[in-house]
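Engineer: what follows is a protein structure lacking sequence information:
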């Protein structure tokens, strides 16, 4: 994270590096999915970790995912989570 000055307005901004952006995106995904499923954030995190959706999917495919609409991202992640939990397979790439 670094401070930068807007060349037009002169306002100071904080600019996050790529890893910080990815972690922030992951946190938003977990929070929104928890809301959609009506469960606690930590419970959703555990569910996503169990089926390798955090590092193995969300962070791995960040470059593509973050360009999609939020509704599409949430629909996709919800579907993948349900599918992976139903198959009980935990060796995902």
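Structural biologist: Yep, that arrived. Computed from a prediction, not measured in an experiment: that's the story for all the values here. Numbering: from 1, shown residues only.

Engineer: make it CA atoms for all contacts and neighbour counts henceforth
Structural biologist: Noted.

Engineer: contacting residues around the helix or strand residue 81 falls within?
Structural biologist: Under the criterion of DSSP states H and E, residue 81 resides in helix 70-87. With contact meaning Cα atoms under 8 Å, 6 or more residues apart in numbering, helix 70-87 is reached by 29, 32, 33, 48, 51, 53, 65, 66, 90.

Engineer: quick one, which of the residues you listed are buried?
Structural biologist: 29, 33, 48, 51, 53, 65 (16 or more other Cα atoms under 10 Å).

Engineer: in space, what's closest to the third one - neighbours in sequence excluded?
Structural biologist: Going back to what we said before, that points to residue 48. Counting by Cα to Cα, 6 or more residues apart in numbering, residue 54 is the residue found nearest to residue 48 once chain neighbours are left out, at 5.9 Å.

Engineer: give me the below-cutoff pLDDT ranges for this structure.
Structural biologist: Counting by pLDDT under 70, the chain shows low-confidence ranges at 88-93.

Engineer: quick one: the strands in it?
Structural biologist: In the chain, strands defined by DSSP state E lie at 2-5, 12-15, listed in chain order.

Engineer: ends of stretch 3-23, how far apart?
Structural biologist: End-to-end distance of stretch 3-23 (Cα to Cα, to the nearest Å): 19 Å.

Engineer: sorry, wrong one. I was asking about stretch 43-63.
Structural biologist: From its first residue to its last, stretch 43-63 covers 26 Å (Cα to Cα).
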